[in-house]
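Novice: I would like to see how this sequence folds:
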Amino acid sequence: MKFSNLKSSILEQFNYTNAVVPFIVGTPGGGKSACAREIAQELARQHEISNERIIEFNPSLREPSDVLGLPQFSGEFTKWLPPEEFWALRRGVGPCVLIIEELTDADMTMQNPLCRVILDRCAGQLRLSDELFIIATGNRTEDRSGANRLSTKLANRMRELEFTEDLEDWIAWAQTHGIPSKLQAFIRFRPDLLSKFDPKQTKNPTPRSWESVARIPPSLEKKPAVFMDHVAGSVGNGAAAEYIGFLRCMTRIPDINEILANPLGVELPKDKDVQWATIAKLSTMITTRTSESIWKFTARFKPELVVAAVKMYLAANKKAFTSAKTIDGEKLYATVVSKYLLKSGLLL
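Specialist: Sure, this is the predicted structure:
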């Protein structure tokens, strides 16, 4: 199930009842944690949950006492002093969220106490909130990332939902998280490299590792060997070589000033990778003044590339692209672009 469907369906489930515990499983670096955190933030918005009542708990880094508490001697019997995190989720505090991160990395000594947390809403002797939302995430054992097999009693207490990476979901996320348009264009050009996890390799192209590439300082691109090492250090040598080859294509794109001045006369690039690179560059040039020329040039490509380009232009500067006017004074997007998409049977 892709990111957007997971998020919306889990929120819908929680609106019905918080008794179900969704367990999001997928490849390392795919976006499971980001999905769980976005769900938590939406729950926080809906139920006015403060940050102190949103707890992330990683059982592989903890001891059973971090769930059960520590014994305190008092007279003739022992009381259990609960851990701070679970105390924040105690009965009576109202709505709260517990994200159990990397659950499959937990060994059996940690899985056992979590059984009661998930089913009975108890951390040792501490009763947890009746309005507690629990989300768990974990990797698949076949990916050899340190994941363990869950005990059947723990697995039976949750609803396992498989996370699958999706291009459009990632692009939508990238548009709001500062991912450069040239990297978005590359992933559109090579969608199979969005997530290509190989458990035999230590570095793989995944949504998380591409985010790491996006954080490389632009100044390092001027040092090709160094830049290659940094990209390869995130996504591996093969994906890095393809991405850098794509960036080189951006040096072969038509002159942008000529496109703006004569959008119907400039020769279209023949190579697909250069076409994508051209679209990526044009997306950085979108203004109310340039939009009509950029559209006239773009509309000359094949329809499937045109619709991808429109998505990139909207992502780059939606306000400018949708408010730009034609030379006749009509709104470009409403009167020209939308009609083209409808006529071609291509809807955004």
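
Novice: backbone torsions only: list them for the residue nearest to Cys96 when sequence neighbours are not counted.
Specialist: Of all residues not flanking Cys96 in the chain, Arg53 sits nearest, at 3.8 Å (CB to CB, 6 or more residues apart in numbering). All C-beta spots, glycine's among them, are computed from the backbone N, C-alpha and C. Arg53 adopts backbone torsions of phi -110, psi 20, taken as degrees, to the nearest 10.

Novice: wait, what's in contact with Arg53?
Specialist: Ala88, Leu89, Val93, Gly94, Pro95, Cys96, Val97 (CB atoms under 8 Å, 6 or more residues apart in numbering).

Novice: would you agree the fourth one is in contact with Ser129?
Specialist: Yes. The pair formed by Gly94 and Ser129 meets the contact definition of CB atoms under 8 Å, at 6.7 Å.

Novice: just say helix, strand or coil for the closest residue to Gln13 other than its chain neighbours.
Specialist: Excluding the flanking residues, the one nearest Gln13 by CB to CB, 6+ apart is Val20, at 5.6 Å. Three-state assignment for Val20 (DSSP: H, G, I helix; E, B strand; the rest coil): coil.

Novice: now do Val20, the pLDDT please.
Specialist: On pLDDT, Val20 comes in at 97.

Novice: how many neighbours does it have?
Specialist: A count of nearby residues for Val20, using other CB atoms under 10 Å, gives 14.

Novice: swap in the one 10 residues further on?
Specialist: For Gly30, the count of nearby residues is 25 (other CB under 10 Å).

Novice: residues contacting it?
Specialist: Phe163, Thr164, Glu165, Ser195, Phe197, Thr206, Pro207, Arg208.

Novice: wasn't Gly94 part of a strand?
Specialist: No. Gly94 is assigned coil when assessed by three-state DSSP, not a strand.

Novice: OK, contacts around it?
Specialist: Contacts of Gly94 by CB under 8 Å, 6+ apart are His47, Ile49, Arg53, Ser129, Glu131.

Novice: try it again at 10 Å.
Specialist: Listed by CB atoms under 10 Å, 6 or more residues apart in numbering, the contact set of Gly94 reads His47, Glu48, Ile49, Ser50, Arg53, Ser129, Asp130, Glu131, Leu132.

Novice: which is the next helix or strand following the longest helix along the chain?
Specialist: Counting residues, the longest helix found in the chain (DSSP state H) is helix 303-323. The C-terminal neighbour of helix 303-323 among helices and strands, as given by DSSP states H and E, is helix 332.

Novice: in terms of secondary structure, what does the helix or strand that that next one is followed by contact?
Specialist: Using DSSP H and E, the next helix or strand after helix 332 towards the C-terminus is helix 338-343. With contacts defined as 3 or more CB pairs under 10 Å, 6 or more residues apart in numbering; DSSP states H and E, helix 338-343 has these neighbours: helix 303-323.

Novice: what about the closest residue to Ala316 other than its chain neighbours, neighbour count?
Specialist: Of all residues not flanking Ala316 in the chain, Ser283 sits nearest, at 4.1 Å (CB to CB, 6+ apart). By other CB under 10 Å, the residues close to Ser283 number 23.

Novice: which ones are touching Ser283?
Specialist: By CB under 10 Å, 6+ apart, the contact set of Ser283 is 181-182, 184-185, 294, 298, 309, 311-317, 321.
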